[in-house]
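In: here are the coordinates; sequence isn't available:
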């Protein structure tokens, strides 16, 4: 019909002028009042990189160890739509960079190890989205012989298909698989096949570039573990499936593991030759060690079943030993668990079974699964058993020791711990003024917002802070941004005298503190600052390279940056101590320095502040993912959010209280 339509137009003949001239008429169109005009369709690449397709692929991906960039599937989910939109944009601009592979050793039951290559989570995501799009397009083209990696088909169905073939008189043949199949797939031929099906679709160009990238990494064929490999392998083997059907053989294939059955009159050697010839046309060959003739008097072991014409039985196998050596490949999501802080508000902590048990001052015990712990932070002289550290090492959970001031005093890192180096990215972004401005606007506008909300919680409405927060959000230079922040700080602390009575407060003075309130504020900021320094170091950052503040001497500029949107935490502690009458004037020591009086907390005041600070940091709130987390936990999440921002090219999001 298309050819007739073309000739009809050229010869200016036909009966239906509204459709186009030709030797034919289309009866269905005669009664049509209007023909919908042609519209541009979407390419396979556009479909696969659409937000709904990427979201569906993200939900469907299975957890695994991180690739070279250290990001996990949970990181991508927390990054959300901004990351997915950035991913689409980077592909449309041709700027997406394929990642490398991380090699993990996996112990084999037969002895020795084999290597598992793990890609970056972002690479697995776009591959899964493209695989889903391709599969929906080629599903109807695939042979019924193919049972793997297809919706509604599984090993049980393959076993039933084998039983049906045996019952139909196909009783001789071979059980076989293909030698080094995934490594042997000719990706150039595969791209030609795709081009024949989806002429000039840009998805083929993306796949061709990806194959070239894999070859540069020393990876031939299709990488095992890639979400694209199953659908592409089925397409590549479809020619083999059709060849077997043309020979009137019965093929039951699950990936590269298959059974080919013949009628009894077919010569076995002739049948084997035809199988080999078909595979050789694809550049493949049988695995001689796993190619065995089918015996008609014995069930065929296939995909974990024993299959005969009469029945299908589960094949009994001896249990495999627990292989601790490769568990981290499949249990790596401990990296995205929650940190546990053991401080002076914990009466004791010990390990039992699969749980860490923490006992609070009331005697209540909280059981925390070891699989859900990202790291343990031991604050000061906390009470815990030696078994906690021993179990942490076994579970690959790092342990950090900090003093009560929040300064790191030591680490216990597991042997398999792999802290990804992000220093080069941090240094690169610290030189990028656009990035610094974007980051600064977010952090400092959040700080001003949080100051306004803290005042409102204490009965004071200061609309000027809302205005300044909006101005900070659109500041055009770092100096202008800092000017808005300074104006907000003056406006904020101008409201403090009425909140801290009976203590006097004439304004924020840093060094030396001229009264109890300034002494407590400075101490609270120091505790928070030191704790953030510890978290940043544990996450692989250089805490002295900042984006807003500039490092000098021993100053940890990045910790100062990250603390800005959390200063309200220290201020909450100070207000709680005063409003609850937990701290009095006699909790401070006063000394004369030149022409002013300098205030510092004494021992009893110091202890009261530490207790209130730890209680505040352990208090739970609902985080961005609707999870119940503490402020201690949020510090880790904040550092991970910065890591995602640098690595995924998405904006950093600061905490905003309500």
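Out: Perfect, I can see it now. It should be emphasised that the depicted structure is a prediction, and the values quoted were computed from it without experimental measurement.
In: Would you map the strands across the stretch 251-400 of the chain?
Out: 257-262, 292-293, 300-302, 305-307, 312-314, 338-342, 348-352, 355-359, 365-369, 373-379, 399-402 (DSSP state E, counting those that start in this stretch).
In: Tell me which residues are up against the shortest one.
Out: The list of residues contacting strand 292-293 from outside it, by C-beta atoms under 8 Å, 6 or more residues apart in numbering, reads 172-176, 268. Using the backbone N, CA and C atoms, a C-beta is placed for each residue, glycine as well.
In: out of the strands of the stretch 251-400 of the chain, deepest packed?
Out: strand 257-262 (a mean of 24; mean count of other C-beta atoms under 10 Å).
In: Let me see the mean pLDDT of it.
Out: Averaged over strand 257-262, pLDDT sits at 96.
In: With stretch 649-658 instead?
Out: 94.
In: Figure out the length between the terminal residues of it.
Out: Stretch 649-658 has its terminal residues 27 Å apart, counting by C-alpha to C-alpha, to the nearest Å.
In: Pull the distance from that stretch to the chain's centre.
Out: 18 Å (C-alpha atoms, centre = their mean, to the nearest Å).
In: Likewise for stretch 370-384?
Out: 24 Å.
In: For that stretch, which outside residues touch it?
Out: 331, 334-344, 346-351, 354-356, 388, 391-392, 395, 397-404, 406, 534, 538, 614, 632, 636.
In: ok, back up a step: for the contacts of strand 292-293, which entry has the maximal number of neighbours?
Out: residue 173 (27 neighbours; other C-beta atoms under 10 Å).
In: List the contacts of the helix or strand hosting that one.
Out: In the assignment (DSSP states H and E), residue 173 maps to strand 172-177. Taking contacts as C-beta under 8 Å, 6+ apart, the residues outside strand 172-177 that touch it are 249-250, 256-264, 266, 268, 271-272, 275, 286-287, 290-294, 296, 300-302.
In: Kindly report the same for stretch 246-254.
Out: 143, 145-148, 155, 158, 161-162, 165, 168, 170, 173, 237, 240-241, 244-245, 258-263, 266, 271, 274, 302-303.
In: Tell me which of those fall in helices.
Out: 155, 158, 161-162, 165, 240-241, 244-245, 271, 274 (DSSP state H).
In: Who wins on neighbours among the residues you listed?
Out: Neighbour max across the ones in helices among the contacts of stretch 246-254 (other C-beta under 10 Å) = residue 162, 28 neighbours.
In: Let me see the mean pLDDT of the strand holding residue 173.
Out: 95.
In: What is the burial count for the nearest residue to residue 639 once chain neighbours are set aside?
Out: Spatial nearest neighbour of residue 639, excluding adjacent residues (C-beta to C-beta, 6 or more residues apart in numbering): residue 539 at 4.3 Å. Other residues within reach of residue 539, judged by other C-beta under 10 Å, total 20.
In: do the same with the one 5 residues further on
Out: Residue 544 is flanked by 18 other residues according to other C-beta under 10 Å.
In: who touches the residue nearest to it when sequence neighbours are not counted in this structure?
Out: Take residue 544 and drop its neighbours on the chain: the residue closest to it by C-beta to C-beta, 6+ apart is residue 551, 4.1 Å away. The contact partners of residue 551, taken as C-beta under 8 Å, 6+ apart, are 544-545, 557-558.
In: Residue 536 contacts residue 543, doesn't it?
Out: Yes: Residue 536 lies in contact with residue 543 (C-beta atoms under 8 Å); the separation is 4.4 Å.
In: Give the residues shared as contacts by the two.
Out: By C-beta under 8 Å, 6+ apart, the residues touching both residue 536 and residue 543 are 556, 558-559.
In: buried set for the helix or strand where residue 123 lies?
Out: Counting by DSSP H and E, the element that carries residue 123 is helix 121-138. Residues of helix 121-138 classed as buried by neighbour count (16 or more other C-beta atoms under 10 Å): 121-135, 137-138.
In: Check which helices and strands that helix sits against.
Out: Under the contact definition 3 or more C-beta pairs under 8 Å, 6 or more residues apart in numbering; DSSP states H and E, helix 121-138 sits against helix 44-48, helix 51-60, helix 73-92, helix 202-216, helix 228-236.
In: Let's have those in CSV, adding mean neighbour count, mean pLDDT and distance to residue 184.
Out: Listed next are the helices and strands packed on helix 121-138 as CSV, based on neighbours: other C-beta atoms under 10 Å; pLDDT from 0 to 100; distance: least, C-beta to C-beta, whole Å:
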stretch, mean neighbour count, mean pLDDT, distance to residue 184
helix 44-48, 21, 96, 26
helix 51-60, 16, 96, 27
helix 73-92, 18, 94, 29
helix 202-216, 17, 96, 14
helix 228-236, 22, 95, 10
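In: which regions of the protein lie under the pLDDT threshold?
Out: 1-40, 105-115, 317-336, 414-420, 623-626 (pLDDT under 70).
In: buried sites along stretch 503-522?
Out: Those would be 503, 505, 508-509, 512-522, for stretch 503-522 by 16+ other C-beta under 10 Å.
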